[in-house]
Structures are given as C-alpha cells and as structure tokens.
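Visitor: Next come a sequence and a model predicted from it.
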Amino acid sequence: MMWKFRSASDSGGHPHLVSLNGNKGRQTWKFDPTAGTPEQRANVEQLRADFTANRHKQHHSADELLRLQCANKIANKKYSPRTDPLREGEVPTAQRVEEHLKGAISFYECLQQDDGHFPGDYGGPMFLMPGLVIALYTCEVLEQVLEPEARKEMVRYLHNHQNPDGGFGLHIEGESTMFGTGLSYVTMRLLGEGPDQQQTVAARNWIHSRGGATYITSWGKFWLAVLGVYSWDGQNPLPPEMWLLPFSKWSGIGMMHPGRYWCHCRMVYLAMSYIYGSRGTCKETPLTAAIRQELYPMPYSSINWDAARNQIAKEDLYYPHPIIQDILWWTLYKAEALLLGSSLRKAALNEVIRHVHYEDANTRYLDIGPVNKVINMLCCWLEDPTSLAFKKHLPRVHDYLWVAEDGMKMQGYNGSQLWDTAFAAQAMLDTGLTDMAGQALRKAHSYVEQSQVVQEADPPLSKYYRHISRGAWPFSTRDHGWPISDCSSEGLKAALGLAALGQPQLVGAAISRERLEEAVRVILSYQNKDGGMATYENTRSFHWLEVGLFIHHLLASGPMSNTIIIGTNTVSSMDLLDLLIIHMCLFFCQLIASSVVAPLLRYLCTDYV
C-alpha cells in the first residue's frame, strides 16, 4: 500500500477539472493499496519512522517518497562519478569537476517528469491545512474529498510537527503559538483524533494554560467562527462594504480602497469579508459541540466576546494595537448591527462574490494561493452548495496537497514548478555539457514554453484590480496564471539561453520572438516610479501611508533598529506574520475612512430602519 505521485494528471478525466495546456505541471498524489513490493513498503515505513525519531532536530522532509518512486531510474542513471574523497589540501581537477557535474545532471534527469518540470515539497506553514479541513467539514465533503489514507497522513503530519511543549508553531520550525496550536488541535479532532489521546491532551493543555482559544489571532478567530466553535461577536469587523467604496484617489476614501492592497492580502480579505458579512457558519454537530467546550478553560456561555475581540496570547503578539485602532474597532463593532441584513450589506456581498468568481475562473479554480483557494471554495458553497463553481473547486484541492515521509501537508502554493525548472535549465546550460544534458534540456524547454501565460485575464482588468498577464511566467503552472516579475525574468532567461544554443534538434524549437517580446513588455511594466520592480503588480498606495507607518512604529516601538525598507513599505524584519500585519495597516486605514461616513449608515440601511 503506497502513495503514488502523478504528474500532469487529469484525475481520471474529472468532468470539472479545467486546464489550458493538458494539466502540464500539475502535481497530485494518489493512494494505491496494491502498489509496491513488500520490500518497498517496508522501506516506506522505515523512512517514516526515521523522520519521526529525528523530528525535533530535522523539521523538513527530504522528499523520500518521491525519490523512492524514482529509485530505479536513480540506480541506473547514465553517469555516476567516483565517490572517493579528496585528500586534505587536494584541489579537484577539471576532469573530476566535470565528472561530478555529469553525475548531478544524471540525477536531475531521474527526477524530471515527462512534461519537463522538476517536482518537490513546498510545505512549511502550519496554518494552511487547518483552513482546508475546517472548510471541507463545513461544506460536508471532508470524507468525499479526503480518503481515509489521506486523513491518516494528515494526522501523521500534525503529530510529527507538534512541539515538545504540546503546542504547534506558525510553521514547522516555529515555537508554539496560539494560532498554530488552536487550529492544529481542531484539525486533529476533525480528522478523527479523540480528545483523550496523547497529542490532543498536550495541545489542549497548552491552550488552556494560556487562557483558552479566545487568545488566538484574527485569522484563528475567523476559522474557529466558521466552524461554529467561536462566536462571530468575538471577531473584529471585516465589512464587505469596503469593496463598494470608490477606487479613485480623487475621492479621498479611494486612496485606501482594498483594491490597492497587495494581491495576496487583497484576495484573502476579499473572501474573508464575504464569510464575515454573511456569517457563514458550519452546521452544529456533536463533534463541533464537543470541540466548543474543549477549547476553553471556562464554560462557553460565560465568555465575554466583546473582550475576546482583542485578546491575544503573548506568543502571538508581534505588534500591539494602538489605542486609536481599538477605538475604531469598537465603533465598527457597534455599527455592524445596522449593516446585517441591510440593502447595503446585500449589495456588498454581491460585489464581493463577483470578484471571487472572477478570481476562480481566471486561475482555473486554483486561486492565487492556498488561503484564498479554501475561502473562495467556502464562499461558493455558501452562495449555492449545488453550484458548478463549488464543484469545480473540489478537484483542485489536490493540487495543494503533498505527501512525504512526514505525512500529508498543504503547500504554500500549488508548487514551484516553473521556478525550479527555469533555474535547473539555466544551471545545466552553464555547465557547458549541453550534449550530455540534451534530453533534460529539451523537456525543460518544453515546460518553460508550456507554462508561459499566453492569454490575458478576462477584461476589463481594471475592474478587478488586475495587472497585465500575457507574456509573463507564473511561479508554478500556466493554469495558475498569476504573473510575477522575478518568475517572468527567470523564465525569459531560460528561454533565451536555450534559444542561444542554436541547436533546436537537441533542445527543441525556440519560443517565438513575439512571445519573448511580450515577456519583456510585462517585465518592464513592473517598474515603479521610484525605479524599483514590483512583484505581482505595481505599487498602488501612497508615500504618505509609508510615512504614517514609520511614525506609528516609532511611537509604538521606540528606535527602529530592527526595521528595513522593502520596496515601498516600511516593515519590521521579523517574519511572514509581521509582514501580514503591516499589510493589515492598509485595512485599518480603510476602516478609519469608513468611520468618517458612519453617520450615513443609518440613512443608507433602509431595510433596517
């Protein structure tokens, strides 16, 4: 019984799976109860046991299950260099260096897939899989989408990455946080772990010792509220009405419109605002009722949800709220009653779901990343559980799941296929051993060609706050399709290097000049007014915001010795969560602008009054 990696799979001709290029680069895993010899199965179990034994020293997988599937190719690779070590002080000869370069190329050829890409584990964050499991459970399709062996491997992954203190980190190398622990505890329970098992008891004790799950972060509060084990009254507002505000900077408010957020931040809070605005909540089950009691050291009915809005564990606190922000939250929190069920709220939800459907359709239901992928899927289900949009989301769940010796995880993207393949091609070209690497280069060239974005996202781009795409390269696959400046640059560099060989009979025909010029056009379009290059899209906010953030940080934190400048944002050099909080400042500024027009809400909400 083994897991088998499948490249460019159409999931057995799944009727709701859409692809622009025959699923080139698609990575999925399928459990096969008949696969493998007894020796191979024993080897898999040994690899898993070895990882578990060393899990607190070596947190990352070595992708042993993928390499095991390539074992026969690796054993019979074209070239194996000598393995005797150099003597102390000995300088390797040019011949020996070439031998090892040939060995490296031979090894890489064994991992390369028929469509030309090089697959690999892109996991690490611990907060991705919980969102998926909660969403699937809420949509009542958990067991339909995740077979028993998949759920078993997810539990294995959680056990392997639980810290010695019983908690879970933001990522697999992180110290325990309420965010990681609260969501991982809930995930273990939804996947079938009992409340009295060693791992769940340890996690629950960690949670209780820090006051309970009311001290989880905002994203954690969101997911617990979706599951129905935390009250929406304990969530600071995420009003969808902000998407109805004018975008134009001349309106004043439009200078802080959410369409100006960085795309990853924008797409997450877009879908979150739909769930919050509609109070999308899982139907209560005996399991959710039990979890609701387990997460708190006090009776659920006694929790002060107003106070819970701003509670956060010390392990999760990266940036304290200033008093003005808490006042603003309280004002909007009280105003929320006016919006629920109003004509304004209905109009806002319609606007948001329109943007959700646009994102889904233009990424073939992959979406820009794993967080908004899952929340978009939940939005579609809440809108209509029988909709085609929801059905199209389900097969794409598997694009984000990866299996290794540490278990099954949800990746931070649907893979890094183009990124890895472009660099591998460039490295092989730089060796000068093109005759020997010809087959691998031909396949890599094919993947680079097949993954370039050759059609624009649906018009009008400005209506959906999108940058141009045609000619760009994405991080992963053409089906994903979001254009990125550095990926476009590396894809172009690989394409030019392969074309410059002048050997189409060896590495395949060069990409057309017209398409290469389109790539250059996209790359040049990313240059901002200050001369720097953007990532996914040009800077849309304003320098006065940067100054405001600088002043606020200075007042809140003192000397900015731990601050760096990235692009057009002033950010603290902590980690991903700190960067997300800086991006959230855009959201706070939008809420400040919204509060200016708060007196108009009662007049606008005609259905309520």
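Guide: That came through, no problem. Numbers count the residues shown, from 1 in each chain.
Visitor: just for the chain, where's the confidence low?
Guide: For the chain, residues meeting the criterion pLDDT under 70 lie at 1, 545-609.
Visitor: So which residues of it form strands?
Guide: 2-7, 27-32, 168-169, 176-177, 401-404, 407-410, 563-566, 569-572 (DSSP state E).
Visitor: For Glu90, which of those strands is the nearest?
Guide: Across the strands of the chain, the minimum distance to Glu90, taken as CB to CB, is reached by strand 401-404, at 36.9 Å. Just so you know, the C-beta spots here come from the backbone N, C-alpha and C atoms, and that holds for glycine as well.
Visitor: which other helices and strands contact that closest one?
Guide: strand 27-32, helix 64-69, strand 407-410 (3 or more CB pairs under 8 Å, 6 or more residues apart in numbering; DSSP states H and E).
Visitor: So which residues make contact with it?
Guide: 3, 5, 27-29, 61-66, 121-123, 150, 153, 408-411 (CB atoms under 8 Å, 6 or more residues apart in numbering).
Visitor: Would you show me how to pick out the buried ones of these in PyMOL?
Guide: Applying 16 or more other CB atoms under 10 Å to these, the buried members can be selected in PyMOL as follows:
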select buried, resi 3+5+27+28+29+61+63+64+65+66+121+122+123+150+153+408+409+410+411
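Visitor: re the thing from before, let's have the helices and strands packed on strand 401-404 in CSV, adding distance to Val374.
Guide: What follows is those, written out as CSV (distance: least, CB to CB, whole Å):
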stretch, distance to Val374
strand 27-32, 17
helix 64-69, 24
strand 407-410, 9
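Visitor: For Leu47, find the nearest of the ones you listed.
Guide: helix 64-69 (4.5 Å).
Visitor: Any chance you could list what contacts that closest one?
Guide: Outside helix 64-69, the residues touching it (CB under 8 Å, 6+ apart) are 3-5, 40, 43-44, 47, 51, 74, 111, 119-121, 403-405.
Visitor: Would you list the buried entries among the residues you listed?
Guide: Counted by 16+ other CB under 10 Å, the contacts of helix 64-69 give 3, 5, 43-44, 47, 51, 111, 119-121, 403-405 as buried.
Visitor: out of the contacts of helix 64-69, which one sits closest to Tyr447?
Guide: Nearest member of these to Tyr447, counting by CB to CB, is Pro119, at 11.2 Å.
Visitor: The residue nearest to the closest one when sequence neighbours are not counted: what's it in contact with?
Guide: Excluding the flanking residues, the one nearest Pro119 by CB to CB, 6 or more residues apart in numbering is Gln27, at 5.3 Å. Residues near Gln27 by CB under 8 Å, 6+ apart: Phe5, Arg6, Ser7, Pro119, Asp399, Trp402, Asn414, Gly415, Gln417.
Visitor: Distance of the residue nearest to Glu149 when sequence neighbours are not counted relative to Gln113?
Guide: Spatially, and ignoring its direct neighbours in sequence, Glu149 is nearest to Phe31 (4.3 Å; CB to CB, 6+ apart). According to CB to CB, to the nearest Å, Phe31 stands 20 Å off from Gln113.
Visitor: any residues touching stretch 373-382, and which ones?
Guide: Contacts of stretch 373-382 (CB under 8 Å, 6+ apart): 131-132, 135, 138-139, 226, 268, 271-272, 274-275, 278, 280, 352-353, 356-357, 359-360, 365-367, 387, 389-390, 393-394, 396-397, 400.
Visitor: List only those of the residues you listed flagged as buried.
Guide: Among the contacts of stretch 373-382, those classed as buried by 16+ other CB under 10 Å are 131-132, 135, 138-139, 226, 268, 271-272, 274-275, 278, 280, 352-353, 356-357, 359-360, 365-367, 389-390, 393-394, 396-397, 400.
Visitor: List the buried residues in stretch 250-259.
Guide: So for stretch 250-259, counting by 16+ other CB under 10 Å, buried means Ile253, Met255, Met256, His257, Pro258, Gly259.
Visitor: Including distance to Gly22, could the residues you listed go into CSV?
Guide: Listed next are the buried residues of stretch 250-259 as CSV, based on distance: CB to CB, whole Å:
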residue, distance to Gly22
Ile253, 46
Met255, 44
Met256, 43
His257, 39
Pro258, 36
Gly259, 34
